[in-house]
Structure formats: structure tokens, C-alpha cells
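Colleague: below are the sequence and a predicted model; questions follow.
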Amino acid sequence: MSFQFLMQNLVNALQWGSFYALIALGYSMVYSILMLFNFAHGDIFMVGAYIGFGVATALAALAAMSALALPNWLILVLTILFSMFLTSFVGMIVERVGYRPLRDAPRASAAITGLMIGIILETGNLILLGAQRVSFPSLINTVTYDMGGVFVTNKKIMIVVVSLLLATALHQFIRHTRYGMAMRAMAFDYVVVPLMGVPLNKIAAMTFALGSALAAAAGILFGVAYPVLDPYMGILIGWKAFVAAILGGRGSIIGATLAGFLLGFIEIFVAMIFPSTLRDLIAYSIVLLILVFRPHGFFGEAYSARLRL
């Protein structure tokens, strides 16, 4: 096993870790602030990818007709921004319709609601667009760089950089803004903080909006790397990102990000050694073993391991 082979797999792990990290951030925020498991989050990732497909197709068509002279890289940037904005409203609707009425219900009821919302989003996509897969528009040409026998594409570099920038921006928002302070306060004590004047409904809607926007960004980046979208694309990657959120620790932006990358590393490097059919079995056995010794995750507080059921 050569050094170049190891580094090549490290690059692949960074790319997959970027997807997991962005999706895990949304899980972690909702879980830490509202003590809810938003199991529809993987399907919001899917919705964001399809919204990005629609925005990118529309902008590319306008550019082709010379109605709007835009370079492809600018179309990609606008696609990410517009899709994050639009998908944030999807998250707020999910919170308002699906979760707010169940805020005082047992957590199991909210979890089941999340699963049902996910099925509704998948079925709605099938009804609107059909069962056929769609191809995400090719907005940037692939350029491959040979770095001492390790081949890195411009798309992989962009995916990792954008993911880290978004995670850093979220961390700064949580730490240095008034709304971020309110979110941290609610994560500390969900019951008492609203009694001190913190608007619970506004913070809850903002939490879902931010998480959904990040999921949309992950969906578009996924479409850039693997330009085939289908209505069920969010199920498996959503569950894996949920594992990363738990592994990172409740309420930790850094923890969710690092756990997402760690999960990508574990999956890729396990596949290097063992048959691909055993990849998930061995990878998630390792994650389970970690949680046995760190039940509150890498960066979570000890009290965060206790759920309000």
C-alpha cells in the first residue's frame, strides 16, 4: 500500500466528510436547541439538491439565451445562495407544521413525525417530477491536479473549502450574534430561557432555517460531485450524518463538523482494507464502540447525554 494510495483515499474521505459535516450541523442544532430528532433532515438535503437543480437550470438557460451573461462559476455561486435561501423556508414550514404542535408531546411522537415528513417530501417529489433521475447541470469543468502522484480535482477542493467556510460562518454566528447567544442559552436550558423573554418560536424557526440552508448547500455540492439526483438520495446519507451529529456531541458545531469528517475517513479507509460489502458494518461498529466510551460524544457535555422523553 503506497503513500500515494493513502493520500488519494484521504482526499476522497475529505470530500465525503464535507457532505456529512454540513448535514450533521443541521441535526446537531435542532437536537441541541429543541431536543428534537429531525429525521426529515436527510430529505431536506434532497429537496435542497432539487431546488438547486431548478435554479441552476433556469440560470443556465437565461445565460444561454444571452438574456443574462453569467459565467458558470457565478451561476454556481448564485445557485448555492438562492437554494440555501429557498430551502430555509422549507425548513421553517416543516418546523411550523410538523414540530411546533408537538413541542410538548413525547419526543417519540416528534421523531415519528419527522419520519412521516420525510416520506411526504419523497412522495411529493415523485408526484411532481416522476421517478426518473435527473442530471445536475455541469457548471464547472473538471480540472485534475497531479500532486506527486495524488490526483485532486478542482471540484473536490471546492467542496471541502465551501464546507469549511460554511461551518466556520455558522460557528461565528452562534458565538458572536444576539440570536446565536439565544440559541446557546436555549440549548443550556430549554424550559427556563423562554421565561426570560427569549422568543422560542422565532429561535426554533431560525434553527430549522439555518440547518435546512446548510443541507441545501450540501445537496448542491453533492450534485456537483455526483450529478445524478433521485428522490431517495437523502435517506442513507441523512442517517449517516445523524450518526455524525451524535458522535460530535450535542450543541457542538466543531464536534459535528469534525465527526462528519471522521465518519468519512472511517468509511473510506475501512473500504481500503476490507471488502466493500463490509464497509458499513465495520465502520459503524467502530462508531458504536466510540459511543460506548464517550456516550455524550466528543464535545458534548455530560448532561447532554440525557434525553427528555
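Modeller: In hand now; what should we look at?

Colleague: so, low pLDDT: which residues of the stretch 201-309 of the chain?
Modeller: Within the stretch 201-309 of the chain, the ranges that satisfy pLDDT under 70 run 301-309.

Colleague: oh, that last question was meant for the stretch 51-200 of the chain, not what I typed.
Modeller: In the stretch 51-200 of the chain, residues with pLDDT under 70: 67-68.

Colleague: would you state the helices of it in chain order?
Modeller: 72-94, 107-129, 154-176, 178-188, 200-225 (DSSP state H, counting those that start in this stretch).

Colleague: show me what counts as buried in the third one.
Modeller: Of the residues in helix 154-176, 155-156, 158-160, 162-164, 166-167, 170-171, 174 count as buried by neighbour count, 16 or more other Cβ atoms under 10 Å. Just so you know, the C-beta spots here come from the backbone N, C-alpha and C atoms, and that holds for glycine as well.

Colleague: residues in contact with that helix?
Modeller: 11-12, 14-15, 18-19, 21-22, 25, 80, 140, 142-145, 179-180, 183-184, 210, 214, 217-218, 221, 224-225, 253-254, 257 (Cβ atoms under 8 Å, 6 or more residues apart in numbering).

Colleague: the inter-axis angle of that helix versus helix 72-94?
Modeller: Angular relation of helix 154-176 and helix 72-94 on a 0 to 180 degree scale: 50 degrees, by axes from the mean of the first three to the mean of the last three Cα atoms, to 10 degrees.

Colleague: starting at the chain centroid, how far to helix 154-176?
Modeller: Helix 154-176 has its C-alpha centroid displaced from the chain centroid by 12 Å (Cα atoms, centre = their mean, to the nearest Å).

Colleague: need the CA coordinates for it. PDB is fine.
Modeller: Extracted C-alpha coordinates of helix 154-176, given in PDB (Å, rounded to 0.1, in the frame of the first residue of the first chain):
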ATOM      1  CA  ASN A 154     -10.900  21.400  -8.600                       C
ATOM      2  CA  LYS A 155     -14.400  20.100  -7.600                       C
ATOM      3  CA  LYS A 156     -13.100  18.200  -4.600                       C
ATOM      4  CA  ILE A 157     -11.100  21.200  -3.400                       C
ATOM      5  CA  MET A 158     -14.200  23.500  -3.800                       C
ATOM      6  CA  ILE A 159     -16.400  21.100  -1.900                       C
ATOM      7  CA  VAL A 160     -14.000  20.900   1.100                       C
ATOM      8  CA  VAL A 161     -13.300  24.600   1.100                       C
ATOM      9  CA  VAL A 162     -17.000  25.600   0.900                       C
ATOM     10  CA  SER A 163     -18.000  23.200   3.600                       C
ATOM     11  CA  LEU A 164     -15.300  24.500   6.000                       C
ATOM     12  CA  LEU A 165     -16.300  28.100   5.200                       C
ATOM     13  CA  LEU A 166     -20.000  27.500   5.900                       C
ATOM     14  CA  ALA A 167     -19.200  25.600   9.100                       C
ATOM     15  CA  THR A 168     -16.900  28.500  10.200                       C
ATOM     16  CA  ALA A 169     -19.600  31.000   9.400                       C
ATOM     17  CA  LEU A 170     -22.200  29.100  11.400                       C
ATOM     18  CA  HIS A 171     -19.700  28.900  14.400                       C
ATOM     19  CA  GLN A 172     -19.200  32.700  14.200                       C
ATOM     20  CA  PHE A 173     -22.900  33.300  14.000                       C
ATOM     21  CA  ILE A 174     -23.600  31.100  17.100                       C
ATOM     22  CA  ARG A 175     -20.800  32.700  19.100                       C
ATOM     23  CA  HIS A 176     -20.900  36.400  18.200                       C
END
